[in-house]
Structures are given as C-alpha cells and as structure tokens.
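In: predicted model and sequence below, questions to follow.
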Amino acid sequence: MDEVAVRLGIHELIGEYAERIDEDRLEEWPDLFTDPCRYLIISRANFAAGMRQGVMYAASRGMLLDRVFSLRRANIFEPHRYRHVVGPIRLKAVDDTVAVVYSNFLAVRIMHDGTTTLFASGLYQDRIDTSTIPFRFSERIVVLDSEKIDTLLAIPL
Amino acid sequence: MDEVAVRLGIHELIGEYAERIDEDRLEEWPDLFTDPCRYLIISRANFAAGMRQGVMYAASRGMLLDRVFSLRRANIFEPHRYRHVVGPIRLKAVDDTVAVVYSNFLAVRIMHDGTTTLFASGLYQDRIDTSTIPFRFSERIVVLDSEKIDTLLAIPL
Amino acid sequence: MDEVAVRLGIHELIGEYAERIDEDRLEEWPDLFTDPCRYLIISRANFAAGMRQGVMYAASRGMLLDRVFSLRRANIFEPHRYRHVVGPIRLKAVDDTVAVVYSNFLAVRIMHDGTTTLFASGLYQDRIDTSTIPFRFSERIVVLDSEKIDTLLAIPL
C-alpha cells in the first residue's frame, strides 16, 4: 500500500475514533482496536517519569468494553459529552504492518445544561495496525498535558 | 476521480469555508454552496428529535446572501469574529457526484476588545457535490453540541 | 512532485512545527525554516494596517535560535507550555519551488499547575520551500486574532 493510502486510512481511523466517542457510540469504540491492544491515558509528567499505569488502562477489547459497560451503569456522573478536534498527523515510522503516528488533540466537554469548557489537551501516540482494512489501533497512548483532569475522567479520551 | 483527489478537494472546501467566515469574507461564503442548497444550524437535541428548523436555515444561495446582508446592516451586535478549527474528515459515502462527509469543529469567538472564548463545538454533516470543480456543499448541517448558543448566533458557523 | 505529495509534505511540516514547540523541543524548531527566512507574529489589526514588525520577528535561523536561547535563560516566566491544533490547509498557490499555504490554529496554554486556558487563535500564512525534502518554511506569518496576547508571549506560536 502506498504512503498516501496509509495516511488516508490513518486519518479515517483517527477521525472515526473521535466520532464514536463524541457521538456517544461508545459500544462501537473498542472495535477500533486490535485484540489484544494497549490503551492508556496518562499525564505527561507521569509518562515522562516512566510510569505506565495512568488514569485509564486496557489491554484488550474486552477491557475496553468493560469500561464502557461501567460507564453506562454508573449514574454518578453528571451527564456530559466531549467534542474532540485532532490536528495534522505525523507519521513517525511505517512498515508493511504498523504505522507509528502522533497527533495533537483538544477535547471540550459539554455538560447537560450546555455549558462548554476546554477539558483536555494532549498528544496521541499511536501504533496502528495497517495490515488489515480498516486500520486499527494496536496501541493508543493518550498523553495529557495537565494532571488536573484525573478525577473528572469518566469517558475515554 | 480517485478517492485521494476527492478527499483533497473536500479538505480544500472545508478549509475554505472556515476561512471565508473567519476572515470576514462573508459575501463570498454563499458561493461555496450549490443552488439550491440546504444550510441548517441546529442543536443536537433538536436534530435528534427530528426537528429540521434550527437557529439558522437557508435553501438557496440567495437566502444565504440575504443572511449576510442583514448581518452587514445590523449594528446591534457587538463586533466579533470567529476562528474555526476543523478535525479530520470521515468519508461516509461517495459516488460519482456526491460525497457524504462528517467532521468535528470548534469555533472560538474574538470580541472587538480581543477577548477570546470557546464559542461553539459540534459536527458538520455535509453532502458535497463532487461533480464539478471546485466542489460545493449541496447540504451542510451544523449540529451544535450545546443549546446555549442560540441567542448569540449572528455570523454563520 | 504531484499535488498530493506536496500536500502531504506540507501537512507533515505543519504538524512537526507544532510538535517541536508543544513537546518543548524548541532547539529543533529553527531547523524547520530555510536560512534566511521570515518569521513574524503580529496581530490581525496591525497586519491589516500594513505594519510588519509584530510581537516576535526573525529573519534567519540564527535569530530564531537566539530567541530560544533567551527563553531558556530567562526564568522570569511562570513555566508553561502550549498545545496547538491546526485545521485543514488551503493551498493558495504552488509552483515547483514554493507553496503558499494558509491554515487556522488554536493554541491552549498549560501552566505548571495544570491550569489550561485558550491562549491564542489565528491564521498561519506560510510560504513553504518545496524544492528540497523535508519541506521548510521560507516564511511563516502568524496572524493573531486578538491583540490581548502580546505581553504574555514568550514561547513562539
């Protein structure tokens, strides 16, 4: 597959990821990952310090789906949604089966009453399986710029 | 036309749309639509409830231009501008003449005194006429995440 | 080089620019420019009035690097970072050696304590040298939507 096709496929995957979360199609969100996979949300400071635990972690589609189920059951959070905007991708490495891709993102949070605030910013560090179509994330590390976010985090970013 | 060319043409159109609004070239904004067309700004809740009226609506270039003329005449609003940032596109369907495309957006509002606030977020749901170059919107539905915005909305989003 | 390759190279450059700043790899930031070059941050109002001085200016890689060195020495600013998100590019003109490209951007600022605020929005007006790979900026004019930002600006945008 040529680089153009790879880049367009990556774009589509990254866009689709944001859409499934933002449009509350969370049950379809794990399908964007390989199985097993690695999904991690972690602050920049902890990531730089070598920690790999983070504020959200999953190693399989099952764990991702569990996360969604808990979210659906838990009514402890004030209802809210996100809207992600992702910037240009940087293709860091690519071979026949995997692409390493970085992209910047902002996420705003919309509360049920319509209040909208800047919620999170950071860097997606992805390993994308390009050996089958559609592409899927074998790893998505969400490196958050701020540590203030942790206690508020319910929906994946 | 191959998919790559279609995607690049869509990118260009979506970028140009934001530029004409953000750079206050509003009189050139209707040219980005086919005639007739459909332009609608509506909240997510109302859209999901099946309403198709919204807070701004036009069915032709003439109606879009009328909107711009009223805006230019009306000095009731405190002068302000927007800056849009649009994320990756998702090509939902494509044939020889039309592409169905979704994209996320954020818009900030800059008041005359320089105060900048997060103004709106949402999803563009577009039908794009790809049968002539440059591409044009035959339909752009601006689905807003929040309902709080309505009374403030003067400039198209 | 065909237009697709040019567009992808531009995307990569614009993404890389944001990454080097946002990831605090400022010493590598001047390498993204030709030498000599032109780098200017200016408010929309001043730019429209024909001023070409702005709040930050450089005409060579050496000047860009000087800027970084002063920033590293100066401990007068509260530590902070940015996160840029850049929207779709518009290819305004292109020939064998140069591409004129516009893109919208938002930058949020993350203070050391994690406080995140919308910091700046504006339009990148770029002249990009496409005659060698990787592409480089021969000119990047950062037109800011607001004039309120000036006194706070330490890190390049």
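Out: Perfect, I can see it now. Numbering: from 1, shown residues only, chains lettered A, B, ... in the order given.
In: quick one: pLDDT of the closest residue to A:Thr115 other than its chain neighbours?
Out: Among residues not flanking A:Thr115 along the chain, B:Lys148 sits closest, at 7.0 Å (C-beta to C-beta, 6 or more residues apart in numbering or on different chains). In short, each C-beta sits where N, CA and C put it, glycine included. Note on B:Lys148: pLDDT of 83.
In: how far away is A:Asp129 from chain B?
Out: Note on A:Asp129: its distance to chain B, by C-beta to the nearest C-beta, to the nearest Å, is 18 Å.
In: that residue: neighbour count?
Out: Using other C-beta atoms under 10 Å in any protein chain shown, A:Asp129 is surrounded by 18 other residues.
In: where does the residue nearest to A:Thr115 fall, phi/psi-wise?
Out: phi -70, psi -10 (degrees, to the nearest 10).
In: burial check on it, number of neighbours?
Out: Residues lying near B:Lys148 (other C-beta under 10 Å) number 16.
In: list the residues that contact it.
Out: Counting by C-beta atoms under 8 Å, 6 or more residues apart in numbering or on different chains, B:Lys148 touches A:Asp113, A:Gly114, A:Thr115, A:Thr116.
In: touching, the third one and B:Glu147? I think so.
Out: No - under the criterion of C-beta atoms under 8 Å, A:Thr115 lies out of contact with B:Glu147, with a separation of 10.7 Å.
In: which one of the two is surrounded by more residues?
Out: Set side by side, A:Thr115 and B:Glu147 show more neighbours around B:Glu147, with 15 against 11, by other C-beta under 10 Å.
In: helix or strand for that one, just tell me which one.
Out: Using DSSP states H and E, B:Glu147 falls within no helix or strand.
In: ramachandran angles for it?
Out: The phi/psi pair for B:Glu147 (degrees, to the nearest 10) is phi -100, psi 0.
In: for it, give its distance to C:Ile21.
Out: Relative to C:Ile21, B:Glu147 is positioned 36 Å away (C-beta to C-beta, to the nearest Å).
In: what sits against A:Ile21?
Out: Shown in contact with A:Ile21 (C-beta under 8 Å, 6+ apart): A:Trp29, A:Tyr82, A:His84, A:Ile155, A:Pro156, A:Leu157.
In: show me which residues of chain A are close to chain C?
Out: A:3-4, A:7, A:85-91, A:102-106, A:118, A:120-123, A:145-149 (C-beta under 8 Å from any C-beta of the partner chain).
In: switch to 7 Å and redo it
Out: Within chain A, the positions adjacent to chain C are A:4, A:7, A:85, A:87-90, A:102, A:104-106, A:118, A:121-122, A:145-148 by C-beta under 7 Å from any C-beta of the partner chain.
In: and A:Ile110, bridged to which residues?
Out: Beta-bridge partners for A:Ile110, by DSSP bridges, are A:Arg81, A:Thr116.
In: and it, how far from A:Asp96?
Out: Counting by C-beta to C-beta, the gap from A:Ile110 to A:Asp96 is 41 Å.
In: same drill for these two, tell me which one is more crowded.
Out: Shown here are A:Ile110 and A:Asp96; by other C-beta under 10 Å, A:Ile110 has more neighbours (24 against 7).
In: for the more buried one, what are its contacts?
Out: A:His80, A:Arg81, A:Arg83, A:Thr116, B:Ser121, B:Asp145, B:Ser146 (C-beta atoms under 7 Å, 6 or more residues apart in numbering or on different chains).
In: wait, a strand at A:Ser121?
Out: Yes - under DSSP: H, G, I helix; E, B strand; the rest coil, A:Ser121 sits within a strand.
In: list the contacts of it.
Out: Applying C-beta under 7 Å, 6+ apart to A:Ser121 gives the contacts A:Phe105, A:Leu106, A:Asp145, C:Arg83, C:Val108, C:Ile110, C:Thr116.
In: break down chain A into its helices, ranges please.
Out: Using DSSP state H, the helices of chain A run over residues A:3-22, A:44-48, A:61-73.
In: any chance of CSV for the ones you listed, columns mean pLDDT and distance to A:Val55?
Out: Shown next, in CSV, are those (pLDDT from 0 to 100; distance: least, C-beta to C-beta, whole Å):
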stretch, mean pLDDT, distance to A:Val55
helix A:3-22, 94, 16
helix A:44-48, 93, 9
helix A:61-73, 93, 12
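In: pick the most buried one from those.
Out: Mean neighbour count (mean count of other C-beta atoms under 10 Å in any protein chain shown) peaks for helix A:3-22 among these, with a mean of 20.
In: pull that one out as CSV, backbone CA atoms only.
Out: Output of helix A:3-22 as CSV, limited to C-alpha atoms (Å, rounded to 0.1, in the frame of the first residue of the first chain):
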residue,chain,number,x,y,z
GLU,A,3,2.1,6.1,1.7
VAL,A,4,-0.9,8.2,0.5
ALA,A,5,-3.3,5.3,1.1
VAL,A,6,-1.7,4.7,4.5
ARG,A,7,-2.1,8.3,5.5
LEU,A,8,-5.7,8.5,4.4
GLY,A,9,-6.5,5.3,6.3
ILE,A,10,-4.9,6.7,9.4
HIS,A,11,-6.9,9.9,9.1
GLU,A,12,-10.1,8.0,8.7
LEU,A,13,-9.3,5.9,11.8
ILE,A,14,-8.4,8.9,14.0
GLY,A,15,-11.5,10.7,12.9
GLU,A,16,-13.7,7.7,13.4
TYR,A,17,-12.3,7.3,16.9
ALA,A,18,-13.3,10.8,17.9
GLU,A,19,-16.7,10.4,16.3
ARG,A,20,-17.7,7.2,18.1
ILE,A,21,-16.8,8.8,21.5
ASP,A,22,-18.3,12.2,20.7
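In: now it: how far from the chain's centre is it?
Out: 12 Å (C-alpha atoms, centre = their mean, to the nearest Å).
In: go on, stretch A:147-156?
Out: Going by C-alpha atoms, centre = their mean, where stretch A:147-156 is centred and where its chain is centred differ by 13 Å.
In: start to end distance for it?
Out: Distance between the two ends of stretch A:147-156: 15 Å, counting by C-alpha to C-alpha, to the nearest Å.
In: in it, what counts as buried?
Out: Under the neighbour-count criterion of 16 or more other C-beta atoms under 10 Å in any protein chain shown, stretch A:147-156 has A:Lys148, A:Ile149, A:Asp150, A:Ile155, A:Pro156 buried.
In: may I ask which two of the residues you listed are separated the most?
Out: With C-beta to C-beta as the measure, no two of those lie farther apart than A:Lys148 and A:Pro156, at 17.8 Å.
In: are any of the residues of chain A next to chain C buried, and which?
Out: Buried residues within the residues of chain A next to chain C, defined by neighbour count using 16+ other C-beta under 10 Å: A:4, A:7, A:85, A:87-90, A:102, A:104-106, A:118, A:121-122, A:145-146, A:148.
In: pLDDT below threshold where in chain A?
Out: A:75-77, A:150-151 (pLDDT under 70).
In: the closest residue to A:Ala18 other than its chain neighbours - how many residues pack around it?
Out: In space, and not counting its chain neighbours, A:Ala18 is closest to A:His84: 3.8 Å by C-beta to C-beta, 6+ apart. Using other C-beta under 10 Å, A:His84 has 25 neighbouring residues.
In: swap in the one 10 residues further on?
Out: Around A:Val94 there are 17 other residues, counting by other C-beta under 10 Å.
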